[in-house]
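S.K.: Kindly return the folded structure for what I paste below:
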Amino acid sequence: MQKAVVFDIGRVLFHWQLGALFGKLIADREELDWFLAKVVTEEWHFEHDRGRALADMLPERIALYPQYEAQIRAYAERFNETIPGPVEGSHELVERLACAGVPLYCLTNFGDEFFAAFRPTQPLFDLFEDIIVSGTEKVAKPEARIYEIVEERSGRSGAQLFFTDDNPDNIAAAKSRGWDAHLFADAVSLEAQLVAAGLL
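M.R.: Predicted structure coming up:
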């Protein structure tokens, strides 16, 4: 069976930073840093990645930080603005792999509601055979179950899966299953890894 390539999305295909949105809403740098460390944090956001509904998350957060109600609501309403653009060179690699007939998949920690709003804005995703979204599956990397889902839906396992992700824990979990997993640094090094694997 032909080897498939599995891409993470955030910080591999697309830049992602909460500050890209909240820097527009909070002018003072110290206040912005405090807000991102205490109010809308990546750790809190990860609850949505794991399947928790925004309808549950937002009222709780607003009750804790009522002075930031407008900003917390903006997190839900303007999430696409936390994704400022593509990671340089990554989309070109996806397109080259697709042209070469390599099967492509995504495995992403992404909230179900947020991905539903983001996916239609990006025709690149049409090149993928399947996109496994943690918020939809209600299990997130690096938990073993989400890797099993990729194996089940791709019909592949172990070294039949080339995987790139920017999180070392996610790479370690993939390697423990025998995947050909590579920590993402930039598109140049990823290209070299794909060439070495015989995929480009």
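
S.K.: Figure out the helix or strand that the residue nearest to residue 112 when sequence neighbours are not counted lives in.
M.R.: The spatial neighbour of residue 112 that comes closest, neighbours along the chain excluded (Cβ to Cβ, 6 or more residues apart in numbering), is residue 135 at 3.5 Å. For glycine as for every other residue, the C-beta is placed from the backbone atoms N, C-alpha and C. Using DSSP states H and E, residue 135 sits in helix 134-137.

S.K.: Quick one: residues in contact with that helix.
M.R.: Helix 134-137 is contacted by residues 48-51, 108-115, 140-141, 145-146, 149 when judged by Cβ atoms under 8 Å, 6 or more residues apart in numbering.

S.K.: helix or strand right after that helix?
M.R.: With DSSP H and E, the next secondary element past helix 134-137 is helix 144-154.

S.K.: neighbouring contacts of stretch 151-165?
M.R.: Outside stretch 151-165, the residues that reach it (Cβ under 8 Å, 6+ apart) are 1, 3-8, 12, 103, 105, 107, 129-130, 132, 141, 150, 171, 174, 177-184, 190, 193-194, 197, 199.

S.K.: do you know how far the most far-flung residue of the chain relative to its centre is from residue 77?
M.R.: Centroid-distance maximum for the chain: residue 67 at 29.7 Å, with Cα atoms, centre = their mean. Residue 67 sits at a distance of 18 Å from residue 77 (criterion: Cβ to Cβ, to the nearest Å).

S.K.: Over to residue 43?
M.R.: From residue 43 over to residue 77 (counting by Cβ to Cβ), the distance is 21 Å.

S.K.: before we move on, what about residue 187?
M.R.: The gap separating residue 187 from residue 77 is 31 Å, by Cβ to Cβ.

S.K.: between these two, which one's more packed in?
M.R.: Counted by other Cβ atoms under 10 Å, residue 187 and residue 77 do not tie: residue 187 has more neighbours, with 21 against 12.

S.K.: Just give the number of residues close to the closest residue to that one other than its chain neighbours.
M.R.: Once flanking residues are discounted, residue 187 sits nearest to residue 89: 2.8 Å by Cβ to Cβ, 6+ apart. Neighbour count for residue 89, taken as other Cβ under 10 Å: 12.

S.K.: Done for today, thanks.
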